[in-house]
Every structure is written in structure tokens, then in C-alpha cells.
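Asker: generate coordinates for the sequence data below:
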Amino acid sequence: MQQGDNRRLSNIKTRNETGFDFVASKLNIMTPMGKKVQKDTRPFFPGEESFLNDELDKVEALKNVAEKDPKNIDRIHEIFHCLKDISGSIERAGRDSLTVVELFEVKSMLLYMESLSGIVRDIEKEGGLIPDEFNLLDTSEVLNLLDPKKDRINTFYIYDDYSKKLTTYRARKKQLDVEIRKLQKREKDRIKEEHGIVLTPKFDIVIPKSSEQLEVAKSIKELEQIAEDYSSITFTLSMMEGTEELAKEREDLNLKIEEEEDEVRGRLSAKIGEHRDNLLTNLNKMGRLDYVLAKGLFAIEYNLSRPQIVEEHRIYISEGRQLQVEDALKKQGKKYTPISMELLEGVTCITGANMGGKTISLKLSGLIPIMTQYGYFVPCERAEIGLSNFIQILIGDSQSVERGLSSFGSEMEELKEIFDRAKDRSLIMVDEIASGTNPMEGLALTKSIVDFLLEKPYITLLTTHYETVTNNPKVKNMQVRGLADADFRKLNSELSLANRRKRIDIIGKYMDYRLMPVEPGRSVPKDALNIAKMLGLPEEVINKAETYIKQGEKE
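Answerer: Below is the predicted model of the structure:
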């Protein structure tokens, strides 16, 4: 994994439009360290195939463990739910004294590390394989320091074990507390016997202003008024003869205890600082485990497969699914149609009617390579992926339109960026280029762009309405099957009984979104005319359009 590599595989828009951001958001990453690992992760580039396969090995190993040993995965998740990012405290240790709270958090993390190591051993005893990367470094020395009694309870205290002085001071303070309390209890009993006023165990009393005891309490010199409100006055036992000296000694001891505890915190912090590198390494290992395990669990949940990494720059996808679209269709109770395609360096065009799912196929062609290069399993039965140096999609840009550019101007602006940034082994996806200008210029520009891209070492996939673009023998043409195999009798029967709103959904139900290769010179289905006819356009309009098509094919 190339951490800190400044190369950019794809821009924000491409990651969003292809659906990669959707995929990344679906990972169930539980720890702040795991989220940091995901944020800092960089894709693998050509030349790093062995590193990518190593990452995929780890995803596969954890996926297998999750399938065979879900109980221990649940135990890991229980730990992950409790983890905090304490890297800041660990970084400070050795330079500054950590607070008691910070020392507690470090001890808690060390206990979780010990537990996690135990779970890994349990998994391996049961035949599971956890990659070596996730085996935590031994931190028992610093844990024993913070847990001198070795009771492994998730609490922390500046134990007497840390200092003989602390032991002495605390023992004397405890003795003073007992002696002072004895004197106070004796005085409390005397006040009760002589004046009938009963103090609480804390040696105070709240007396209503309407009570006859109020004047009695005020007359007792050993009681001190400490609070008053509209209905009552609170009294407490004042410092009496014999306790002042003891209280002064206790106060001095409290200062000494505080100073000694500060000294102990400093020593503990310095010791933690000595283990800083190992502790930070373990935090990163836990974050990586969280991230890679999340990828493995995501592969199980969405039925993903491991991509095969090939040296040649090509993309082969068998029965691929665009996960974001599939997820949306499932929520509507609809089924996603998997798509297969093979893309080689050169230009491939997808043609077909607007309802044919060309844009979804385009997005899929980018999603699977990007997922692959980030070390994910992919949504298809099989994939062979040659790594790219640059991946970008050109699709409708609402932001550019909002800036005052026309849709055509937006396309040209983004196309220039692609041409400026593209390099060898690029994957470029273009959706309906030049559809925002007049057809004659649009066709000419599209053909010219295709000619330009044919000379580049890129894999280019375009969707287009300009079918004559595919007359170039160097251009591979794929057609959405659409309504080619539809049962029109049944379809027309359903349409005749449906209201206007439901007709589009009915046609969509009969559409076949799979791609089929179109041989040069072969006539392709004219789904646009079929759809227009089924939706009720006059027959004379349809017939005239067919005439124009035939004339265009002859030309």
C-alpha cells in the first residue's frame, strides 16, 4: 500500500459517479483508527500488483474467518465498539505527565490489546488464519506497570505499590481521618444528649426557620452556620479543640500525597513514552484490522468476488453489478440485471435507447476497477483487471451548469481536463459526448474525439446515440439488448391496460440491460422507435422516422 503517494487515480466526481463513494460509506468501520486508515488509504497503481494481491489475500483470509468463525468476529467487534483513539496521549507521554484519566485510557487500551491478541490465538487454535500484519506487538510490560496487582480490571488508581512514601502518607492520613472522626462523633453525641439536636453522619443539620430548635442551634458555639435559604438554615460541626492540629497535619499530608502522585504520574508517563512506537504501531494494526475486516464482511454481505489482477491493461467483467443502483432497485422490490463486458485499449462504444441502462453500464465499468485498485472484492462473478494510472468519468456536471456554463461547455471543460491529465494505462468513460449541441456538429466532434482516443494508450468507453461513430472498424460496438427479445404481444397487452404513469415502468420491466457485441455492418435494434410507438406516438411519425433511418443507412 502506497501511503502518502501523491498520485491521484481518480477525482472526487469519478469516485462519486461510479458509486465508489457509496461502497466506501457502506463499510462497517467501528474504530476511529480504522476510519483514519480508510481515509489515508491510497490506491494501488501499475507496478504494485504484488502488493495489491497481498492486500486481497488479507481481505480473503478475514472473509474466510468471518464465514467460519462468526462468534470470534463478534468478540472482536465488541472490543472495537469500545476503542478510542488515544494516539495523542501516547505521543505526549514522555514529554508531559499524563492525567489520571489519560493513564486510565492507556490501561484500558492495553487491556483491549491483550484481549484482542487472545481472540486471535483462539481463532488460530480453531483453524482460522489471521494474517501476520494483525498480530499485535507484546505490550505486557507497560500493562503490568499500569496494573501492578495484575487483576486485569478496567480501572486505574495511583496504587500504593508505586511509592513507599505514598504508602506511608496515605496510611497516616487514614489514621488522622479516624482520629478526627472519633472526636467529631464524641462531640455529636454530646450535642444530642445536652441539646436534643441530632447531626447527620456528615456532622451537619438543616433546621427549618419555623422550628423551635433553631434558637437552640444558634446558641451552641460548636455549631457553625454555613448556609441559609428562605425556609431553613444549615449548620455544621465547627473545628473544635483537639481537631485543629490533626486537621492541619491532614492538610499537609494531602499536599504531600498530591505531589507524590504527580511524581508517580511523571514516571509512569515516561515509561509509556519508552513504549510509544510499539503502542502506536498496535493502534495502527487495530485500525488496519478494523478496515480490512470491514472489507471482508462487505464482500460477504454483497456477494462480492476476488478480482484477478492481470499485467495487460484490460478489463473483463462477468455478470457485474453496480451496487448503488442494485441497492436502490432492491428497495423498490426490483431486480438488477447483471452485465458482462470486456474492454481493451482502444475505443468501445455502447449504443441503445435512453432507457437501456447505458449510463449504468458506464458507471459499472469504472466502479469495479476502482474498487479493485483500492483492494476491495468486486460485485461480479468474475473480474480480470489490469491496473490503470488514471480513471475518470465524464458525465453530466450540474455544478458547471450552475456556474453559468452550458451543458456542452461543461463537457468540453471536463474533457480538456481528462486530456490534460490522462497518461498511459488510463481508463476514460464518457457519457453521451456532444449531445448538448446541434446533431451535425455533435456527430463530427464525437467522431473526431474517437479518432483522437484511438491513437492513445487508453481504455475508452463511450455511450452515444451517434451510431455512425461505430462505422470505424477500429471501434468496438456494444449494443444494449433492450427490447430485442421482448414478447411484444404480452408487452402491448400490459400497456393497453395501464395508466400513463405505469407505462414507463412496464416497458422497463421488459428491457434487457445486458450488452451484446455488434458486428460491423450489422443492423441494430431501434428501441427508441419501438418505445415511442408503444407510448402512443402517431404511426405516421414512426413510419417517417423509419424511412429517414433507412436513407441514413444507405448514405
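Asker: what's the burial count for Glu345?
Answerer: Using other C-beta atoms under 10 Å, Glu345 has 18 other residues around it. Just so you know, the C-beta spots here come from the backbone N, C-alpha and C atoms, and that holds for glycine as well.
Asker: wait, I meant Ala247
Answerer: With other C-beta under 10 Å as criterion, Ala247 counts 12.
Asker: again with Ser365
Answerer: Counted with other C-beta under 10 Å, the neighbours of Ser365 add up to 25.
Asker: again, but for Ser388
Answerer: Neighbours of Ser388 (other C-beta under 10 Å): 27.
Asker: I'd like to know how far it sits from Leu136.
Answerer: Noted for Ser388: a distance of 35 Å to Leu136, by C-beta to C-beta, to the nearest Å.
Asker: likewise for Lys331?
Answerer: For Lys331, the distance to Leu136 equals 40 Å [C-beta to C-beta].
Asker: do the same with Ala217
Answerer: To Leu136, Ala217 is 63 Å away according to C-beta to C-beta.
Asker: one step back: more neighbours: which of Lys331 and Leu136?
Answerer: Leu136 (18 against 8).
Asker: does that one really touch Asn282, like I thought?
Answerer: Yes. Leu136 is within contact range of Asn282, at 4.8 Å (criterion: C-beta atoms under 8 Å).
Asker: identify the contacts common to the two.
Answerer: Met113 (C-beta atoms under 8 Å, 6 or more residues apart in numbering).
Asker: I'd like the next helix or strand past the lowest-mean-pLDDT helix or strand in the chain.
Answerer: The weakest-scoring helix or strand in the chain, judged by mean pLDDT, DSSP states H and E, is helix 398-402 (a mean of 41). Remark: after helix 398-402, the chain's next helix or strand is helix 407-421, criterion DSSP states H and E.
Asker: how much distance is there from that following helix to the middle of the chain?
Answerer: The chain centre lies 31 Å from the centre of helix 407-421; the measure is C-alpha atoms, centre = their mean, to the nearest Å.
Asker: which other helices and strands contact that helix?
Answerer: strand 390-394, helix 398-402 (3 or more C-beta pairs under 8 Å, 6 or more residues apart in numbering; DSSP states H and E).
Asker: report the angle between the first one and helix 407-421.
Answerer: Spelled out, that is strand 390-394. Compare the direction of strand 390-394 with that of helix 407-421 by axes from the mean of the first three to the mean of the last three C-alpha atoms, to 10 degrees and you get 170 degrees.
Asker: what strands line up against strand 390-394, and which way round?
Answerer: strand 426-431 (parallel) (DSSP bridges).
Asker: mean confidence score for the partner strand?
Answerer: On average, the pLDDT along strand 426-431 is 94.
Asker: can you give me the pLDDT of the residue sitting furthest away from the middle of the chain?
Answerer: In the chain, Glu194 marks the outermost C-alpha relative to the chain mean, sitting 71.9 Å out by C-alpha atoms, centre = their mean. Per-residue pLDDT puts Glu194 at 93.
Asker: where's it, which helix or strand?
Answerer: helix 164-195.
Asker: ok, and what's touching the helix or strand following that helix?
Answerer: Following helix 164-195 in sequence order, the next helix or strand is strand 204-208 (DSSP H and E). Contact partners of strand 204-208, identified using C-beta under 8 Å, 6+ apart, comprise 197-199, 213-214, 217, 223, 226, 231-237.
Asker: in strands only, show me those.
Answerer: Within the contacts of strand 204-208, residues falling in strands by DSSP state E are Leu223, Ile226, Ser232, Ile233, Thr234, Phe235, Thr236, Leu237.
Asker: buried ones among those residues?
Answerer: Applying 16 or more other C-beta atoms under 10 Å to the ones in strands among the contacts of strand 204-208, the neighbour count classes Leu223, Ile233, Phe235, Thr236, Leu237 as buried.
Asker: and which of these is nearest to Leu183?
Answerer: Leu237 (9.8 Å; C-beta to C-beta).
Asker: and the closest residue to that closest one other than its chain neighbours, what does it touch?
Answerer: Leaving out its chain neighbours, the residue that sits closest to Leu237 by C-beta to C-beta, 6 or more residues apart in numbering is Phe203, at 4.0 Å. Phe203 sits next to Gln184, Lys188, Thr236, Leu237 when contact means C-beta under 8 Å, 6+ apart.
Asker: relative to Ile418, how far out is Phe203?
Answerer: Taking C-beta to C-beta, one finds Phe203 at 82 Å from Ile418.
Asker: go on, Asp138?
Answerer: In this view, Asp138 and Ile418 are 51 Å apart by C-beta to C-beta.
Asker: which one of these two has more residues nearby?
Answerer: Ile418 (21 against 13).
Asker: for that one, list the residues it contacts.
Answerer: Contacts of Ile418 by C-beta under 8 Å, 6+ apart are Gln392, Leu394, Ile428.
Asker: let's see 6 Å
Answerer: Taking C-beta atoms under 6 Å, 6 or more residues apart in numbering, we find Ile418 in contact with Gln392, Ile428.
Asker: how much space between the closest residue to Lys221 other than its chain neighbours and Glu244?
Answerer: Closest residue in space to Lys221, ignoring its immediate chain neighbours: Ser238 at 7.8 Å, by C-beta to C-beta, 6+ apart. For Ser238, the distance to Glu244 (C-beta to C-beta) stands at 10 Å.
Asker: Ser117: how many residues sit nearby?
Answerer: Neighbours of Ser117 (other C-beta under 10 Å): 18.
Asker: not counting its neighbours along the chain, what's nearest it?
Answerer: Per C-beta to C-beta, 6+ apart, closest to Ser117 is Leu136, 5.1 Å.
Asker: surely that neighbour meets Ser115?
Answerer: No. Taking contacts as C-beta atoms under 6 Å, Leu136 lies outside contact range of Ser115: 10.3 Å.
Asker: one step back: possible to save the buried ones among the ones in strands among the contacts of strand 204-208 as CSV with pLDDT and distance to Thr468?
Answerer: CSV is the format used below for these (pLDDT from 0 to 100; distance: C-beta to C-beta, whole Å):
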residue, pLDDT, distance to Thr468
Leu223, 93, 105
Ile233, 95, 100
Phe235, 94, 102
Thr236, 94, 99
Leu237, 92, 103
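Asker: alpha carbons of stretch 126-141, as CSV, please.
Answerer: Output in CSV follows, covering the C-alpha atoms of stretch 126-141 (Å, rounded to 0.1, in the frame of the first residue of the first chain):
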residue,chain,number,x,y,z
GLU,A,126,-9.8,-23.4,15.7
GLY,A,127,-8.0,-23.5,12.3
GLY,A,128,-8.6,-19.9,11.2
LEU,A,129,-5.8,-17.8,9.6
ILE,A,130,-5.2,-14.3,10.7
PRO,A,131,-2.5,-12.5,8.6
ASP,A,132,0.7,-11.7,10.5
GLU,A,133,0.2,-8.0,9.9
PHE,A,134,-2.6,-8.1,12.5
ASN,A,135,-0.7,-9.8,15.3
LEU,A,136,-0.1,-7.1,17.9
LEU,A,137,3.2,-6.4,19.5
ASP,A,138,3.7,-7.6,23.1
THR,A,139,2.8,-4.7,25.4
SER,A,140,2.5,-6.7,28.6
GLU,A,141,5.4,-4.9,30.3
